[in-house]
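A.B. asks: For reference, the sequence and a predicted model appear below.
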Amino acid sequence: MARDFRQHFRAEEGAFIDQVQDWLQQASGEYRPVLTDFANPRQVYIAQTLVNQVDDVKLAHWGGYPRAEMQRLLFYPAYFEPTAADFNLALLALAYPVKFMELHHRQVMGTLIGEGLERTAFGDILCQEQRFQVVVKQELAPFIRQEITHVGKARVKFVPVDFAVVLTPDVDWEPLQTTVASLRLDAVVAAGFNYSRNRAKQTIEKGLVRVNWETIDRPDYELDEYDLLSVRHAGRLRLQAVGNRNRKDKLRVEMAIVKA
């Protein structure tokens, strides 16, 4: 890929760009579909951008339900017609004594990570009125069912269920159109959650902010379209679109916010 093309992406995204190029070459050279692990929204955007530069490979992505955040990528040649079954997903429901225990999204996430699973190995964790489901790779489902018996202090069982009964997440994204001086992390956090710039800076430096599931402690970290932020005790933010600068030299941005 030309060097000037890479300048449109962050330096730390170079490894993922290289991986996408490998997948593209594999799908093109072997003339077959190539299925990946789960990708976050920013990675889906990067992959689609690269696929748009070629003629012989297309991209589909699916996370088990519409508007899923974490989705598997499927690079495929033009002859192939992908279906949901090609993404090899399984849906596991969490069975536990709901009347006596209260679980949280972060506990389920922490348990999966604590078992040595990479974040790319499973998709969204869905929650609705203390009911939980997890989207996983089919080949991973037996391991989770056999090895994970507790979340926190609660004894649990992961039970396979059909995607026809997938939960609707308890998430109410609120659109926000605003302006920011720059796409620095502290500027976007301040604008999204009505923080002072200093409070946003301190929150980031304390390690309370994640970008695409990675803790970022640099207030000057530059964001880009499709980044997904999580701010502890505040909520979550999606940077949906970045527009032009206005007469006051402020960037127009579109966000979606979920307050904690």
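C.D. replies: Noted; the coordinates are in hand. For clarity, every value in this text was computed on a predicted model and none was experimentally measured.
A.B. asks: Look at the closest residue to Val171 other than its chain neighbours and report its pLDDT.
C.D. replies: Once flanking residues are discounted, Val171 sits nearest to Val258: 5.6 Å by CB to CB, 6 or more residues apart in numbering. Glycine gets a C-beta too; all of them are placed from N, C-alpha and C. At Val258, the model reports a pLDDT of 91.
A.B. asks: before we move on, what about Thr168?
C.D. replies: Reported pLDDT for Thr168: 84.
A.B. asks: again with Leu229
C.D. replies: Leu229 is assigned a predicted lDDT (pLDDT) of 97.
A.B. asks: What of the one 3 residues further on?
C.D. replies: If you check Arg232, the pLDDT there is 94.
A.B. asks: And for Val171?
C.D. replies: 71.
A.B. asks: I'd assumed Ile257 was in contact with it.
C.D. replies: No: Val171 is beyond contact range of Ile257, at 10.8 Å (criterion: CB atoms under 8 Å).
A.B. asks: helix or strand right after the helix or strand harbouring Ile125?
C.D. replies: Assigned by DSSP states H and E, Ile125 belongs to strand 122-128. Next along the chain after strand 122-128, taking DSSP H and E as the criterion, comes strand 131-137.
A.B. asks: The helix or strand just after that following strand: which residues count as buried?
C.D. replies: Using DSSP H and E, the helix or strand that follows strand 131-137 in sequence is helix 141-147. In terms of neighbour count (16 or more other CB atoms under 10 Å), helix 141-147 has its buried residues at 141, 143-145.
A.B. asks: Turn the residues you listed into CSV, columns for distance to Arg238 and pLDDT.
C.D. replies: Shown next, in CSV, are the buried residues of helix 141-147 (distance: CB to CB, whole Å; pLDDT from 0 to 100):
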residue, distance to Arg238, pLDDT
Ala141, 29, 98
Phe143, 31, 97
Ile144, 28, 98
Arg145, 32, 97
